[in-house]
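Participant: got a structure for you, letters missing:
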């Protein structure tokens, strides 16, 4: 089922999500399936459960290619339950991010360039990975949603935050990320970066 994506300003996006206690709960499979259906319908690269109003530490991310981030390298499609994050360097890099909860906008966001992350997969096994580049950025963006943080909170220079059509007037991105009319689409409108 495609769920409504909460928009920045909704207080539920500012809460720290609670851990999943029962991995065998059948409702968890439904939530994960709904997250994927919602993310794909919105052409996102990631989505966290709090973005659809579910107060659980569950996130999905990954893609082969994505028109919202045409230059980005593929990121493995991953579902993580109760994920964790470790920064492996103090080095950060700024790059443009958008978010399905902040439709039609982009901002220049600093992120760690080298991370280790992990969590529990849908089948109950544990995974641990190191990531660089866009992969690291996407994970950090979605992990932030579990901590009640949206990417605009991390922007250092607010002159580098705005509407896509104003920031990148010659880009096709504005049409891709234009907030849909609620009367024509079930979504109110990834992440994430991501």
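Facilitator: Happy to help now that I have it. Predicted, not measured: the structure shown is a model, and the values here were computed from it. Numbers count the residues shown, from 1 in each chain.
Participant: model confidence score at residue 184, please.
Facilitator: On the pLDDT scale, residue 184 is placed at 36.
Participant: mind listing the helices for the protein?
Facilitator: Listed in chain order, the helices found in the chain under DSSP state H are 26-41, 133-146, 164-167, 173-177.
Participant: can you put the ones you listed in a markdown table and add mean pLDDT, distance to residue 75 and mean neighbour count?
Facilitator: The C-beta positions use only the backbone N, C-alpha and C, and glycine is treated the same way. Compiled in a markdown table, those are given as follows (pLDDT from 0 to 100; distance: least, CB to CB, whole Å; neighbours: other CB atoms under 10 Å):
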| stretch | mean pLDDT | distance to residue 75 | mean neighbour count |
| --- | --- | --- | --- |
| helix 26-41 | 97 | 13 | 16 |
| helix 133-146 | 97 | 5 | 25 |
| helix 164-167 | 94 | 21 | 16 |
| helix 173-177 | 69 | 18 | 18 |
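Participant: helices or strands up against the strand ranked longest in the chain?
Facilitator: Counting by DSSP state E, the longest strand found in the chain is strand 75-87. For strand 75-87, the contact count by 3 or more CB pairs under 8 Å, 6 or more residues apart in numbering; DSSP states H and E identifies helix 26-41, strand 58-63, strand 114-120, helix 133-146 as packing neighbours.
Participant: what do you get if the cut-off is 10 Å, keeping everything else the same?
Facilitator: Contacting strand 75-87 under the criterion 3 or more CB pairs under 10 Å, 6 or more residues apart in numbering; DSSP states H and E are the following elements: helix 26-41, strand 46-48, strand 58-63, strand 102-112, strand 114-120, strand 126-132, helix 133-146.
Participant: dump these into JSON lines; add distance to residue 169 as well.
Facilitator: Conversion of the helices and strands packed on strand 75-87 to JSON lines gives the following (distance: least, CB to CB, whole Å):
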{"stretch": "helix 26-41", "distance to residue 169": "27"}
{"stretch": "strand 46-48", "distance to residue 169": "27"}
{"stretch": "strand 58-63", "distance to residue 169": "26"}
{"stretch": "strand 102-112", "distance to residue 169": "13"}
{"stretch": "strand 114-120", "distance to residue 169": "33"}
{"stretch": "strand 126-132", "distance to residue 169": "31"}
{"stretch": "helix 133-146", "distance to residue 169": "24"}
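Participant: right, so of the helices of the chain, which gets closest to residue 85?
Facilitator: When the helices of the chain are ranked by distance to residue 85, counting by CB to CB, first place goes to helix 133-146 at 5.1 Å.
Participant: okay then, goodbye and thanks.
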